[in-house]
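K.L.:
sequence and predicted structure, then a few things I'm wondering about:
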Amino acid sequence: MSTYHRLVPNTWWLQRRPYILFMIRELTSVFVAGYCIFLLVLVYKLTQGADAYGNFMAALKSPSSVSLHLITLVFVLYHTITWFNLTPKILVLYRGEERIPQGLIAGTFYAGWVVVSIIVALLVLGV
Amino acid sequence: MAKSNEPIWWSLFSAGGMVAAMIFPILIIITGILIPFGLAGDDPLNFERIHTAVAQNNYVKLIFFIVINLPLFHWAHRFRFTLVDVGLKSMSSLISILCYGGAIAGTIVSAIVFWNI
């Protein structure tokens, strides 16, 4: 006996708004990986000497680099928001009998995000 | 229950997702907006400064290495299921190998790169 599988078309995720948003959330990972590769190339250029690194940094000013960065930023921000909004579902905390409100847990991550961003900016930019 | 290596991949996915969520936005703003438009002072990411910071401090190297590689495993795990969800279930073993293999390959390449600084 085999179990019954209902046939689902491969375009199922286009049929409802929450499904489309789910798919966009999943696709943010491609932009995350893209930025990983960008950072790796940056470090590689660092090993190739001042000229190679300097040319790479100068190329950041090109319109194509800026637009790619902006598109990546939109998707990565979507990742950040959906990620933090899921934290209360995974981190179920109780104080005594009472469950700690979901908003408080997500809010803690958002607050941490702001602090971490400021620290990273200060360290990287050396100001 | 069958033994599974799922918890390992899920942990890496989760850790990488947190790293990407926390620090990728600010890094993208720095390399995509602040630096190209000169909004962050006089060339703060100049070769001397960054090379010295990375080459002479193993902690900085380790942090860069983690920041670059954990999110790769986040991608591998998430993208694997995305491809299965859009109908490639019949190729799921191959997809797993390509996704996790890609992340492992990236980690090896970056280990070599960091070793040579």
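P.N.:
Received it, and whenever you're ready, just let me know what you need. Numbering: from 1, shown residues only, chains lettered A, B, ... in the order given.
K.L.:
what packs against the helix or strand of chain B with the lowest mean pLDDT?
P.N.:
Within chain B, no helix or strand scores below helix B:47-55, which has a mean of 93 by mean pLDDT, DSSP states H and E. Using 3 or more CB pairs under 8 Å, 6 or more residues apart in numbering or on different chains; DSSP states H and E, the elements in contact with helix B:47-55 are helix A:17-47, helix A:50-59, helix B:58-83. Where C-beta positions appear, they are placed from N, C-alpha and C, glycine not excepted.
K.L.:
can I get those helices in JSON lines including mean pLDDT, distance to B:F47 and mean neighbour count?
P.N.:
Below are the helices and strands packed on helix B:47-55 laid out as JSON lines (pLDDT from 0 to 100; distance: least, CB to CB, whole Å; neighbours: other CB atoms under 10 Å in any protein chain shown):
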{"stretch": "helix A:17-47", "mean pLDDT": "96", "distance to B:F47": "7", "mean neighbour count": "18"}
{"stretch": "helix A:50-59", "mean pLDDT": "96", "distance to B:F47": "4", "mean neighbour count": "14"}
{"stretch": "helix B:58-83", "mean pLDDT": "96", "distance to B:F47": "15", "mean neighbour count": "20"}
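K.L.:
make a markdown table out of the ones you listed and add distance to A:Y110.
P.N.:
A markdown table is the format used below for the helices and strands packed on helix B:47-55 (distance: least, CB to CB, whole Å):
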| stretch | distance to A:Y110 |
| --- | --- |
| helix A:17-47 | 17 |
| helix A:50-59 | 31 |
| helix B:58-83 | 19 |
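K.L.:
wait, what's in contact with the nearest residue to A:M23 once chain neighbours are set aside?
P.N.:
In space, and not counting its chain neighbours, A:M23 is closest to A:W13: 4.5 Å by CB to CB, 6 or more residues apart in numbering or on different chains. Residues in contact with A:W13, defined by CB atoms under 8 Å, 6 or more residues apart in numbering or on different chains, are A:Y19, A:I20, A:F22, A:M23, B:D85, B:V86.
K.L.:
number of residues surrounding the closest residue to chain A within chain B?
P.N.:
Closest residue of chain B to chain A, CB to the nearest CB: B:G32 (2.4 Å). Residues near B:G32, counting by other CB atoms under 10 Å in any protein chain shown, number 22.
K.L.:
any idea whether the nearest residue to it once chain neighbours are set aside is helix, strand or coil?
P.N.:
Spatial nearest neighbour of B:G32, chain neighbours left out: A:H69 (2.4 Å); criterion: CB to CB, 6+ apart. Using DSSP: H, G, I helix; E, B strand; the rest coil, the structure places A:H69 in helix.
K.L.:
tell me the spacing between A:H69 and A:I118.
P.N.:
Relative to A:I118, A:H69 is positioned 20 Å away (CB to CB, to the nearest Å).
K.L.:
who has more neighbours out of the two?
P.N.:
More crowded of A:H69 and A:I118, by other CB under 10 Å: A:H69, with 21 against 11.
K.L.:
doesn't B:L34 make contact with that one?
P.N.:
No - using CB atoms under 8 Å, A:H69 is not in contact with B:L34; the gap is 10.5 Å.
K.L.:
for residue 10, list the residues it contacts.
P.N.:
Picked chain A for this. Going by CB under 8 Å, 6+ apart, A:N10 touches B:V86, B:G87.
K.L.:
my question was about chain B, not that one.
P.N.:
B:H77.
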